[in-house]
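[1] Give me a 3D structure for the following:
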Amino acid sequence: FIDVAMIGCWLRSADVEAYRADCYPRMFWAIFAWYWPFHVRFWQCLHKYYVTGDAFPHLVNAGKYMASIVMIFANYFYGVDPGLKSVV
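    Okay, the predicted model is just below:
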């Protein structure tokens with residue numbers, strides 16, 4: 001669903017800079033749709049670690065989901081402000 005909305009916005013844009021300026025700030029709601037499944041799985045892994053006490057594989061999986069969450073936010077904010085390219 002989110003990809004369809006992004007493609008529609010991209011097709012309406014004249015070029016890449018217009019796409020970044022127009023689409024990303026309006027797609028702030030989409031970050032939650034991308035973020036939510038990883039957030040839920042992260043907490044499920046932490047709960048499983050709490051219940052079983054087994055660090056492997058539960059904390060490793062939690063780390064994997066946390067890395068995905070960081071990637072989602074970094075990708076979104078890079079799209080909103082391409083000036084972050086010099087920082088990254």
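
[2] Looking at stretch 14-34 now, give me its mean pLDDT.
    Stretch 14-34 comes out with an average pLDDT of 72.

[3] Check the separation of the first and last residues in that stretch.
    End-to-end distance for stretch 14-34: 26 Å, by CA to CA, to the nearest Å.

[4] so after the helix or strand of the chain with the lowest mean pLDDT, what's the next helix or strand?
    Within the chain, no helix or strand scores below helix 16-26, which has a mean of 67 by mean pLDDT, DSSP states H and E. Sequence order places helix 28-52 as the next helix or strand after helix 16-26, per DSSP states H and E.

[5] Determine how far whichever helix or strand comes after that following helix lies from the middle of the whole chain.
    Following helix 28-52 in sequence order, the next helix or strand is helix 55-80 (DSSP H and E). The chain centre lies 8 Å from the centre of helix 55-80; the measure is CA atoms, centre = their mean, to the nearest Å.

[6] so what's the most centrally placed residue in the chain closest to, chain neighbours aside?
    In the chain, the C-alpha nearest the mean C-alpha coordinate belongs to Ile72, at 2.0 Å (CA atoms, centre = their mean). Spatial nearest neighbour of Ile72, excluding adjacent residues (CB to CB, 6 or more residues apart in numbering): Trp34 at 5.0 Å. The way it works is simple: take the backbone N, C-alpha and C, and place the C-beta from them, glycine included.
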